[in-house]
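Chemist: Provided below are the primary sequence and the corresponding predicted coordinates.
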Amino acid sequence: FLKRLLKDNNDVVISFEETFPIFYKNRLIQIINSLEQVLYPNIHNAKLFSKYSYLFRKKRNLKHAKKIICYHEKTKKEINEKLNIPENKIEVLKPFFYNSLPSNSLINIKNKHSISWDYLVYNSWVWNSKNIKRLLECLKEINKTTKLSLIVLWNQTSSDIEFREMVINMWLTQNVIFVWEIIDNELWAYYNQSNGLVHPVIYDSFPFCLSEALNYNTPIISSSLEEIESIFGKNIQYFHALSKNDMVQNIWTLL
């Protein structure tokens, strides 16, 4: 890839790849969504060699970059403090949510997945900061007195082995439905027929994954993070990400 870049001899390269080729020294603009993988490394990246190898590549890449663009002032501060990158190289660009039109599909999601009760949607990733275990604990607690399902959207999340094993170990296989390869004209139905979307993360920069729920007017309950509250204000419902009881109580309000 580096050879191709040098051969192309571009005037400027815009990259979303956090560990862009470290020996590329031409004009580079690096776009950083968040420092999630630095602050909340997974088991593999937490190993000593992997951790420092990743940090070395990331810091070298950012130091070579002509300009760094992130989505929130908090991320800018984290890049400066955690990676020792000068603030004058970092710019904050406010992103936005996209709009799409609802489909006219008449599919019944509950019938399709043999669900006889209400369900919530989860469409975040499976990184350590996504707080999945606590969400499943809340689901298990709620199902002691009523029936509630969780439909997990997004291919990579649905195919995650660790997530699936967690569901099995907590005896929630009847309550958690993994869905992938969703037909475009059916996506709106998953949101429209749900009781809401739950976003239990303990760290976020810009919640792109809330775009679809917002577009389809689906109720959203989310962790009370500064970055999210600054966007949605009082238009969605919040809970404390580290409190199982608070999360349970807020989920109950959607049922």
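Modeler: That came through fine. Numbering: from 1, shown residues only.
Chemist: Let's test this: name the helix or strand in this structure with the lowest mean pLDDT.
Modeler: helix 43-46 (a mean of 55; mean pLDDT, DSSP states H and E).
Chemist: mind listing what's buried in stretch 31-39?
Modeler: By neighbour count with 16 or more other CB atoms under 10 Å, stretch 31-39 contains the buried residues 31-38. Where you see a C-beta, it was placed from the backbone N, CA and C, and this is true even at glycine.
Chemist: Between the two ends of it, how far is it?
Modeler: Start and end residues of stretch 31-39 are separated by 18 Å (CA to CA, to the nearest Å).
Chemist: Quick one: mean pLDDT for it?
Modeler: The average pLDDT within stretch 31-39 is 84.
Chemist: What lies in contact with it?
Modeler: With CB atoms under 8 Å, 6 or more residues apart in numbering as the test, stretch 31-39 has contacts from 14-16, 18, 45, 54-55, 58, 62, 68-71, 75, 78-79, 82-83, 127, 129, 203-206.
Chemist: re the thing from before, ok, so of the buried residues of stretch 31-39, who is nearest Glu229?
Modeler: Ser34 (16.3 Å; CB to CB).
Chemist: Now do the same contact list for the closest residue to Asn9 other than its chain neighbours.
Modeler: Among residues not flanking Asn9 along the chain, Asn26 sits closest, at 7.7 Å (CB to CB, 6 or more residues apart in numbering). The contact partners of Asn26, taken as CB under 8 Å, 6+ apart, are 5-6, 9-10, 12-13.
Chemist: what do you get if the cut-off is 10 Å, keeping everything else the same?
Modeler: When contacts are counted by CB atoms under 10 Å, 6 or more residues apart in numbering, Asn26 is found next to 5-6, 8-13, 64, 66.
Chemist: Narrow these to those in helices?
Modeler: Cross-referencing the contacts of Asn26 against helices under DSSP state H gives 5-6, 8, 64.
Chemist: picking that back up, does the residue nearest to Asn9 count as helix, strand or coil?
Modeler: Put simply, Asn26 is coil when judged by DSSP: H, G, I helix; E, B strand; the rest coil.
Chemist: burial count for Ile69?
Modeler: 20 (other CB atoms under 10 Å).
Chemist: Surely it is in a strand?
Modeler: Yes: with three-state DSSP as the criterion, Ile69 is part of a strand.
Chemist: Report the contact partners of it.
Modeler: 14, 16, 29-33, 75-76, 89-93, 95.
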